[in-house]
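Asks: please work out how this folds:
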Amino acid sequence: MHPAPVISISLPTRNRLKSVQVTIARIIDQTFTDWELVITDNASDEPGKIDYLKKLSESDPRVKLHLQPVNIGLLPNWIFGINQSSGRYYIATTDDDTWGETDYLEKLLEMHDGKTGVVFPNISIDYPESGEFRDKVLTHVYDNEMSRYEMCHRMVIDRQGIIMMGLFDLGVIPKHDIISVYDHGRHSHCEGVGMIRMVRDYPVKFCPSVSYVHTSYSDNYSLNCLKEVVMRDSGIGTFQLLDELRLAAKKDPGYEPALQSQWQLAFHYCHGLSKNYELKDGVIKPRQPKVKGPIRRFFSSKRKALKKFIAGKSRTASAK
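Replies: Numbering: from 1, shown residues only. You can find the predicted model right below:
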């Protein structure tokens, strides 16, 4: 019987053969090697994908391959992978993202001290369709040691800290608490509330020197959710977090700044919702832009011309 690895890496995947090969190559190139790679394939039907994964698992005993017979959905497949991990530490990646450095795992592990729940990395964003690359965008957001109150407040305001892609110490944070972040039935904005809950419940550290490289492209899952689903899930998350922070601040006033910032976000969410959507016959629909009639268009153009004329006169007078 083989001893458990130090780190379990979870890789949920479906299709995306070309990008997952890049993801896996970056994992294999890591300077830290005492890991297992738990691949949970969600019934891929892309030609060559399953053959590639099978050959990989046969050639490297650290690779543990699980093939779902049917597509069970993104979040259930993700949770399945968490449950298969056997290492002291757990970390996840996706099949269209990569790790920026070969010492990625090494640097994250160095910051663990037996008391820290999770160490999360910096993030870089790759836009392959435009060629733009934004390197280590969180450096100035979480770049200093901060209390859990400050970290919580910063997470509320910034929404970019990728707690769930960090390295978890399962001796501090049990698996069921990690799963609870995802196990809620939402597809869009699925991690926001849970990540901030992690910050409140456990010691969290930021590692600025290594970067999780997120690939942003037009066919990305998160960018292709139905607008109605995004709107609904955003509302659920916004007010769930507002209530959680209300209760947290009631017990501990240190969370009051985070609560106030979340209340402002909830207000702006409601304002944007009422501005862009309306309720018609019991159905939420996008508001139709108001069409100006010919008379309104005429007077509107005259008002604009008059404002332009007055502005020009005032500039001329001031020049004199």
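Asks: contacts only, for Cys190.
Replies: Listed by C-beta atoms under 8 Å, 6 or more residues apart in numbering, the contact set of Cys190 reads 75, 182, 184, 233. Backbone N, C-alpha and C define where each C-beta goes, glycine included.
Asks: what's the local residue count around the third one?
Replies: The one in question is His184. 15 (other C-beta atoms under 10 Å).
Asks: how about Phe120?
Replies: 26.
Asks: just list whatever residues bridge to it.
Replies: Counting by DSSP bridges, Phe120 forms beta bridges with Phe206.
Asks: check contacts around it.
Replies: So Phe120 contacts 161-163, 165-167, 204-207 (C-beta under 8 Å, 6+ apart).
Asks: related to what we said a few turns ago, now the contacts of Cys190 as TSV including pLDDT, distance to Glu58 and secondary structure?
Replies: Below are these laid out as TSV (pLDDT from 0 to 100; distance: C-beta to C-beta, whole Å; DSSP: H, G, I helix; E, B strand; the rest coil):
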residue	pLDDT	distance to Glu58	secondary structure
Leu75	88	29	helix
Tyr182	82	30	helix
His184	75	37	coil
Asp233	86	40	helix
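Asks: which of those sits closest to Asp103?
Replies: Closest approach between the contacts of Cys190 and Asp103, by C-beta to C-beta: Tyr182, at 28.2 Å.
Asks: how about the closest one: what's its closest non-neighbour residue?
Replies: Leu75 (5.2 Å; C-beta to C-beta, 6 or more residues apart in numbering).
Asks: if we can go back for a sec, can you tell me which of the contacts of Phe120 is nearest Val70?
Replies: Among the contacts of Phe120, and counting by C-beta to C-beta, the member closest to Val70 is Met165, at 26.9 Å.
Asks: need the contact list for that closest one.
Replies: Met165 neighbours (C-beta under 8 Å, 6+ apart): 91-93, 120-121, 212.
Asks: averaged pLDDT, stretch 121-134. What do you get?
Replies: Mean pLDDT, computed over stretch 121-134, is 95.
Asks: just the terminal-to-terminal distance for it.
Replies: With C-alpha to C-alpha, to the nearest Å as the measure, stretch 121-134 spans 15 Å from end to end.
Asks: what residues does that stretch touch?
Replies: 100, 104, 108, 135-139, 160, 162, 165-166, 206-218.
Asks: so among those residues, which ones count as buried?
Replies: 100, 104, 108, 136, 138, 162, 165-166, 206-216 (16 or more other C-beta atoms under 10 Å).
Asks: show me where the chain has its helices.
Replies: 17-28, 49-59, 74-84, 104-110, 148-158, 175-182, 192-201, 227-251, 256-276, 294-319 (DSSP state H).
Asks: so which of those helices is the most packed in?
Replies: helix 192-201 (a mean of 22; mean count of other C-beta atoms under 10 Å).
Asks: so what secondary structure elements neighbour that helix?
Replies: With contacts defined as 3 or more C-beta pairs under 8 Å, 6 or more residues apart in numbering; DSSP states H and E, the packing partners of helix 192-201 are helix 148-158, helix 175-182, helix 227-251.
Asks: and for it, what are the contacting residues?
Replies: Counting by C-beta under 8 Å, 6+ apart, 117-118, 148, 151-152, 155-156, 159, 161-164, 173, 177, 180-182, 184, 204, 237, 240-241, 244-245, 248, 255, 258 sit against helix 192-201.
Asks: returning to what we had before: pLDDT and distance to Arg287 added to the contacts of Phe120, as TSV?
Replies: TSV is the format used below for those (pLDDT from 0 to 100; distance: C-beta to C-beta, whole Å):
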residue	pLDDT	distance to Arg287
Gly161	87	33
Ile162	91	34
Ile163	93	35
Met165	95	37
Gly166	97	40
Leu167	98	45
Val204	96	40
Lys205	96	44
Phe206	96	40
Cys207	96	44
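Asks: among those residues, which one sits closest to Gly81?
Replies: Distances from Gly81 to the contacts of Phe120, taken by C-beta to C-beta, are shortest for Met165, at 13.2 Å.
Asks: many thanks, have a good one.
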